[in-house]
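*Asks:* The sequence and its predicted three-dimensional model are supplied below.
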Amino acid sequence: MLENLKKYQVILASKSPRRQELLRGMGVDFAVQTKETPETFPPEMPLDEVPKHLSLQKSLAFSDNELPADYLLITADTVVICEGEILGKPKNAEDAFRMLSQLSGKTHRVVTGVTVRSASKTESFAATSRVTFAALEKDEIDYYIARCQPFDKAGAYGIQEWIGYVGISGLEGSFYNVMGLPTRRLYQVLKSF
């Protein structure tokens with residue numbers, strides 16, 4: 001599938017092992033190349049638009065000269081939104097505990113923005129999933145943080161880890177979006193390149 005991608009050198013601009021696993025699982029051959037970009041956005045921007053904005057900024061960090069005609073660049077950004085606040089990656093165990101306590105017993109949104117860019121075309125989109133956590137006990141949160149060290153994950157959790165197995169009571173939308181890449185939607189976009 002995705003025979004049209006054979007004309008490209010596909011670049012995934014993400015260090016995320018989960019995104020790499022998902023893109024590989026889609027049957028896409030790619031190389032990883034990243035650039036440090038500030039994750040800033042206008043304060044008045046609606047929170048659901050932030051991931052799409054950030055994925056586009058990550059894409060634009062690669063100049064046109066760095067994107068030859070036979071390159072296809074994929075960038076992404078995932079945020080967790082709970083009670084009107086973006087929960088990014090936790091700074092430490094205390095911050096992770098605060099985030100997981102905030103998510104406990106509530107439904108939140110996970111929004112992933114993706115930008116796919118070639119020399120002649122750019123397409124950005126966002127996908128949203130709604131995740132509901134059961135009420136988490138303090139010792140469950142402590143156990144998860146100590147066992148899984150979720151410091152590289154938005155909202156301080158990975159749905160594919162222990163906390164997802166025992167704590168998530170509901171999901172509307174794409175499971176893979178919560179992992180960091182809305183694979184079905186990305187597949188549809190990649191077919192158009």
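*Replies:* On my side now, so go ahead. Numbers count the residues shown, from 1 in each chain.

*Asks:* Helices of this protein, start to end?
*Replies:* 17-25, 50-60, 93-103, 138-148, 162-167, 175-179, 183-191 (DSSP state H).

*Asks:* Out of the ones you listed, which one sits most buried?
*Replies:* Each of the helices of the chain was given a mean neighbour count from mean count of other C-beta atoms under 10 Å, and the largest, a mean of 23, is that of helix 175-179. Any C-beta I mention is one placed from the backbone N, CA and C, and that applies to glycine too.

*Asks:* Packing partners of it?
*Replies:* Using 3 or more C-beta pairs under 8 Å, 6 or more residues apart in numbering; DSSP states H and E as the contact test, the elements touching helix 175-179 are helix 17-25, strand 107-117, strand 122-133, helix 183-191.

*Asks:* Quick check: which of the ones you listed is nearest to Ile145?
*Replies:* Smallest distance to Ile145 across the helices and strands packed on helix 175-179 (C-beta to C-beta): 14.6 Å, for strand 122-133.

*Asks:* Next, count neighbours for Leu136.
*Replies:* The burial count assigned to Leu136 is 18, neighbours taken as other C-beta atoms under 10 Å.

*Asks:* roughly how far apart are the closest residue to it other than its chain neighbours and Gln188?
*Replies:* Spatial nearest neighbour of Leu136, excluding adjacent residues (C-beta to C-beta, 6 or more residues apart in numbering): Ser104 at 4.1 Å. Distance of Ser104 to Gln188, given as C-beta to C-beta, to the nearest Å: 34 Å.

*Asks:* who wins for proximity to Ile81 among the helices of the chain?
*Replies:* helix 50-60 (8.5 Å).
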